[in-house]
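Peer 1: only geometry, no sequence info:
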């Protein structure tokens, strides 16, 4: 598996865990009642995923940090939209759709523009 693909998967994994960590309180009572425990449980896997994803993406782009930052941001936008729709029933409005298109465009520019 390429460094870039693995970094994308790790960024998505980390962003997905962040969604549960920060927004689970609005869906599940246990999350709302135990914020410190939620923070402790999620801290290590999120941090580790982002550390390794950043290392891989920087390696893929020959030491340049900016592509990883944009890719991390865009994967967060995409995973947030999907999970918020699934769990909270918040539809993707035209404004959100345009933002998601821009996020995908941002990732595409970073990956494809040499």
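Peer 2: Great, that's in hand. Treat the numbers as computed from the prediction; the structure is a model and nothing was measured. Residues are numbered from 1 along each chain as shown.
Peer 1: any residues touching the helix or strand of the chain with the lowest mean pLDDT, and which ones?
Peer 2: Here the helix or strand of the chain ranked lowest by mean pLDDT, DSSP states H and E is helix 94-112, holding a mean of 88. Contact with helix 94-112 is made by 4, 66-67, 70-71, 73-75, 77-78, 81, 92, as judged by CB atoms under 8 Å, 6 or more residues apart in numbering. Where C-beta positions appear, they are placed from N, C-alpha and C, glycine not excepted.
Peer 1: Kindly report the same for stretch 67-82.
Peer 2: 7-8, 11-12, 15-16, 18-19, 50, 53-54, 57-58, 60-61, 92, 96, 99-100, 103-104, 106-107, 109-111.
Peer 1: Could you pick out the longest helix of the protein?
Peer 2: helix 35-60 (DSSP state H).
Peer 1: Compute the inter-axis angle for that one and helix 94-112.
Peer 2: 40 degrees (axes from the mean of the first three to the mean of the last three CA atoms, to 10 degrees).
Peer 1: For this structure, give me the ranges with low pLDDT.
Peer 2: 1 (pLDDT under 70).
Peer 1: now the farthest one out in it, which residue is it?
Peer 2: residue 33 (24.7 Å; CA atoms, centre = their mean).
Peer 1: and stretch 88-98, which residues are buried?
Peer 2: residue 96 (16 or more other CB atoms under 10 Å).
Peer 1: what about it, how long is it end to end?
Peer 2: 20 Å (CA to CA, to the nearest Å).
Peer 1: do the same with stretch 86-102
Peer 2: End-to-end distance (CA to CA), stretch 86-102: 21 Å.
Peer 1: how distant is the longest helix of the chain from the center of its chain?
Peer 2: 10 Å (CA atoms, centre = their mean, to the nearest Å).
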